[in-house]
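Student: Show me how the following folds:
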Amino acid sequence: MKKTTAFRKLIHDAEILQLPCCHDGLSAKVLEQAGFKAIAAAGYGLAGSLLGMPDIAVLTGSEMITQYRNLCGAVDIPVFVDIDTGFGDVNNVIRAVKDCEKAGTAGLFIEDQTYPKRCGHMGGKSVVSVEEYLPKLKAACWAREDPDFVITARTDAYAVYGIEETLRRAVIYAQAGADMVFVEAVHTVEEMRRVNTALAELKTPSMANMVEGGQTPLLSAKELQDLGYSVVVHPCGSVFTAVMALQKWARHLKEHGSTAAYLDHMLTFDDYFEFIGARAIRDREKQFVEAKE
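Tutor: Next comes the predicted model:
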């Protein structure tokens, strides 16, 4: 089954789809190994991983899509990705969608923030008008070659206009052809329920965003499913965890001058050799290269 087809099926399953975000090839492989059916990648983790910078639209479209290509090549499960505001006008959106498909992604989301955008849980956001966003959404839907490639509309209107305008936009975006709608950074469980009630009438899947320390209540997958969500994405956990682990390792090394007493917190050389797939690569080589005596 194509990854796009598998992903589309997963978002329509009765059980909510958990989508943890990776930020590089290593974290993608960790998530696949943990047993997740699909994963995601977004600007928050990529900006931190590639540039050591926050999610404030400093990454270019080509940088993001190059990394998506690397991630898709690292795992065998569907990868859902972020194209921010589309990197420009409708022509930029069309190129981004086509490039994401070529990179091997299973779907993407495009948001209605102004450019330069910022992380959805940061303050000071602004959004474009519905009339300015809809051409981008329609262009994205038009640009895909694979009809199973999932186009998701994201709205950040809540922080600017409140829940009523947010609901209005969610419905308009669904009616305009979005395969899924992502309402960012609502503040209460009741508002989350209202989002899903509005979209359920249109039979459009809805995606929740769980950011540790963010604006939205941090709920379990079961709680979110009961509220009507089809998908939950976890965009920050991989980078938050990686930074803390590296900080602890670095402090230990600086203090002690050695990692000899820290080995219980690390993979061994052989463990990493297995994790990264080196043994399988060496075995594959034997099909083509005769062993040297």
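Student: Going along the chain, name the strands of the stretch 101-250 of the chain.
Tutor: 107-111, 150-155, 180-183, 206-209, 231-234 (DSSP state E, counting those that start in this stretch).
Student: okay if I get those as JSON lines plus mean neighbour count?
Tutor: Bear in mind the C-beta positions are built from the backbone N, C-alpha and C, glycine included. Putting these into JSON lines (neighbours: other C-beta atoms under 10 Å) gives the following:
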{"stretch": "strand 107-111", "mean neighbour count": "26"}
{"stretch": "strand 150-155", "mean neighbour count": "26"}
{"stretch": "strand 180-183", "mean neighbour count": "26"}
{"stretch": "strand 206-209", "mean neighbour count": "26"}
{"stretch": "strand 231-234", "mean neighbour count": "23"}
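Student: how about the ones you listed in a markdown table, adding distance to residue 23 and mean pLDDT?
Tutor: Compiled in a markdown table, those are given as follows (distance: least, C-beta to C-beta, whole Å; pLDDT from 0 to 100):
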| stretch | distance to residue 23 | mean pLDDT |
| --- | --- | --- |
| strand 107-111 | 17 | 97 |
| strand 150-155 | 19 | 98 |
| strand 180-183 | 19 | 98 |
| strand 206-209 | 16 | 97 |
| strand 231-234 | 12 | 98 |
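Student: Relative to residue 270, which of those strands is closest?
Tutor: strand 231-234 (30.1 Å; C-beta to C-beta).
Student: hmm, back to that, which among the strands of the stretch 101-250 of the chain is found nearest to residue 35?
Tutor: strand 231-234 (14.6 Å).
Student: Remind me what the closest one packs against, helices and strands.
Tutor: strand 17-22, strand 206-209 (3 or more C-beta pairs under 8 Å, 6 or more residues apart in numbering; DSSP states H and E).
Student: quick one, which of the strands of the stretch 101-250 of the chain is nearest to residue 49?
Tutor: strand 231-234 (15.6 Å).
Student: And the closest one, how far out from the chain middle?
Tutor: In terms of C-alpha atoms, centre = their mean, to the nearest Å, the centre of strand 231-234 is set 8 Å apart from its chain centre.
Student: And stretch 163-173, by the same measure?
Tutor: Chain-centre distance of stretch 163-173: 22 Å, with C-alpha atoms, centre = their mean.
Student: Just the buried positions in it, please.
Tutor: 163, 166-167, 169-173 (16 or more other C-beta atoms under 10 Å).
Student: From the rest of the structure, what touches that stretch?
Tutor: 112, 130, 133-134, 137, 153, 155, 157-158, 181, 183, 186, 191, 194-195, 198-199, 202 (C-beta atoms under 8 Å, 6 or more residues apart in numbering).
Student: can you do 6 Å?
Tutor: For stretch 163-173, contacts defined as C-beta atoms under 6 Å, 6 or more residues apart in numbering pick out 130, 153, 155, 157-158, 181, 183, 191, 198.
Student: Among these, list the two that are farthest apart in space.
Tutor: Largest pairwise distance in those, by C-beta to C-beta, is 19.6 Å, between 130 and 191.
Student: need the helices for the chain, in chain order.
Tutor: Ranges of helices within the chain are 3-12, 25-34, 43-46, 61-74, 90-103, 130-143, 158-161, 163-175, 189-200, 221-227, 237-256, 269-275, 278-285, based on DSSP state H.
Student: Out of those helices, which one sits most buried?
Tutor: helix 43-46 (a mean of 24; mean count of other C-beta atoms under 10 Å).
Student: if we can go back for a sec, considering the contacts of stretch 163-173, which is situated nearest to residue 17?
Tutor: Nearest member of the contacts of stretch 163-173 to residue 17, counting by C-beta to C-beta, is residue 181, at 14.6 Å.
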